[in-house]
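**Student:** What follows is a protein structure lacking sequence information:
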């Protein structure tokens, strides 16, 4: 007897429909799997047999052929266990055909018949809705995630036996999302109130949060670069539902979504070690998986010790920082990963770390410092909108942190975040698509700038004197537009351009081409 049921396989972030065909025919007992299945799918033969037996079902004692169509689509992972088991039950007459009509299924089976959660459930649910499925049967641990897709009934089961019972029910209860939206955001990590001094760096962080700009912090050890960077996620506005769904989809495919959590609600903060490979940073693999860039989507990517990263790895950032997405091409497949990130990079000014420090002498020569900075290419440095030099706080400002009279003297992240949200609201009303100034396409930028005459003259003079590239000059204007938005101004005054120029500390620096 031939039976069919529907499931899906992941390629990158996208799910592709898979039809599981099960044929039981005469011959010696065996279960043969065809359809470009990887080792994890091939091993499902033993998991399915044991799960059927422990769940009280009959294991067919004849030749069984399972075809996973389309045959040219690679299938990976254990998610096809459940549809294969249901197909066997249908082909052997232990399940009625009407029960699986219009129903998709996905899940990993344990040897005892329990269902375990799988990756990428949200992508599968979106594909099932697009294909007009009546419902989606998943492990209970994935039910809240699948229920995020409106218009699709999601049913969660703890075991294969419970899944069969749900299919036999005339109106099985649908799973619901874990929590209602919206929900008050939780601000975690460092708080700006704990940062002593560094007024220039704090202001740059506020501008970066408001406009979605990329930030470079350069300073000696102990100047507070890492603490400032860890404050950025707490300044960003709460996730919109559409952003949360997109982030949930990425985290689910990467296997980072906690079990039972339906929707990601916090902006990510990713901080890869400087020894990471290019594939770890941008994604890759035979079946492409998201890298650190995609995992930081709608959040912060922090590259500490920037000049310790391999140059070829850093240069992979150029195109994604411009476009907000990355394409990974393979011989038979291409995968797209969104990466609209706020990049924060931190580095020392030289190998020993003390160049420019008023109290400690730098032991590096001029040639050594140039070699140190040559690890960064000029085009990459040009894409960093805000470039800030930080100094070590003096003993007095550090001592203020331990004086009771100084309590509350530093502005907290919540106060700065309120100004950031106000600026973002102005951008949402003015900018096409509600994009932030840092994300706005170049073609849409000119109409929203509204430069005053003296501001335009100052910008032109800066282009000549600092030898800015066209990209550098454009990014200077983006930062000036954000400064004006933080001040509530409709036009860009010369003062905004002048302040923006203070965040271009490395224009003209001789770095690698």
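**Tutor:** Structure's in. What do you need? Nothing here was measured: the structure is a model prediction, and the numbers come from that model. Residues are numbered from 1 along each chain as shown.

**Student:** I'd assumed residue 137 was in contact with residue 105.
**Tutor:** Yes - counting by C-beta atoms under 8 Å, residue 105 does reach residue 137; the two are 4.2 Å apart. Backbone N, C-alpha and C define where each C-beta goes, glycine included.

**Student:** More neighbours: the two, which one.
**Tutor:** Taking other C-beta atoms under 10 Å, residue 105 and residue 137 do not tie; residue 105 has more neighbours (32 against 28).

**Student:** got the phi/psi numbers for that one?
**Tutor:** Residue 105 adopts backbone torsions of phi -150, psi 150, taken as degrees, to the nearest 10.

**Student:** per-residue pLDDT, it?
**Tutor:** Model confidence at residue 105, given as pLDDT, is 97.

**Student:** so who does it touch?
**Tutor:** 5-7, 82-83, 86, 136-138, 163 (C-beta atoms under 8 Å, 6 or more residues apart in numbering).

**Student:** Same list, those residues, but as a markdown table with secondary structure please.
**Tutor:** Output for these, formatted as a markdown table (DSSP: H, G, I helix; E, B strand; the rest coil):
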| residue | secondary structure |
| --- | --- |
| 5 | strand |
| 6 | strand |
| 7 | strand |
| 82 | helix |
| 83 | helix |
| 86 | helix |
| 136 | strand |
| 137 | strand |
| 138 | strand |
| 163 | helix |
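
**Student:** Could I get these in JSON lines, plus columns for pLDDT and distance to residue 36?
**Tutor:** JSON lines is the format used below for the contacts of residue 105 (pLDDT from 0 to 100; distance: C-beta to C-beta, whole Å):
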{"residue": "5", "pLDDT": "95", "distance to residue 36": "18"}
{"residue": "6", "pLDDT": "96", "distance to residue 36": "18"}
{"residue": "7", "pLDDT": "97", "distance to residue 36": "14"}
{"residue": "82", "pLDDT": "97", "distance to residue 36": "19"}
{"residue": "83", "pLDDT": "97", "distance to residue 36": "16"}
{"residue": "86", "pLDDT": "97", "distance to residue 36": "21"}
{"residue": "136", "pLDDT": "96", "distance to residue 36": "23"}
{"residue": "137", "pLDDT": "96", "distance to residue 36": "24"}
{"residue": "138", "pLDDT": "96", "distance to residue 36": "23"}
{"residue": "163", "pLDDT": "96", "distance to residue 36": "26"}
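
**Student:** Find residues that contact each of residue 105 and residue 137.
**Tutor:** 82, 163.

**Student:** Which of the contacts of residue 105 sits closest to residue 301?
**Tutor:** Relative to residue 301, the closest of the contacts of residue 105 is residue 138; by C-beta to C-beta it sits at 31.2 Å.

**Student:** After the helix or strand bottoming out on mean pLDDT in the chain, which helix or strand is next?
**Tutor:** Among the helices and strands of the chain, helix 395-400 carries the lowest confidence by mean pLDDT, DSSP states H and E, at a mean of 59. Once helix 395-400 ends, the next helix or strand along the chain (criterion: DSSP states H and E) is helix 413-430.

**Student:** could you pull out the strands for the stretch 401-513 of the chain?
**Tutor:** Assigned by DSSP state E, counting those that start in this stretch, the stretch 401-513 of the chain shows no strands.

**Student:** same for the helix or strand where residue 89 lies, what does it pack against?
**Tutor:** Assigned by DSSP H and E, residue 89 belongs to helix 81-91. The elements that helix 81-91 packs onto, with contact taken as 3 or more C-beta pairs under 8 Å, 6 or more residues apart in numbering; DSSP states H and E, are strand 2-11, strand 14-25, helix 44-54, strand 63-69, strand 103-105, strand 108-109, helix 160-168.
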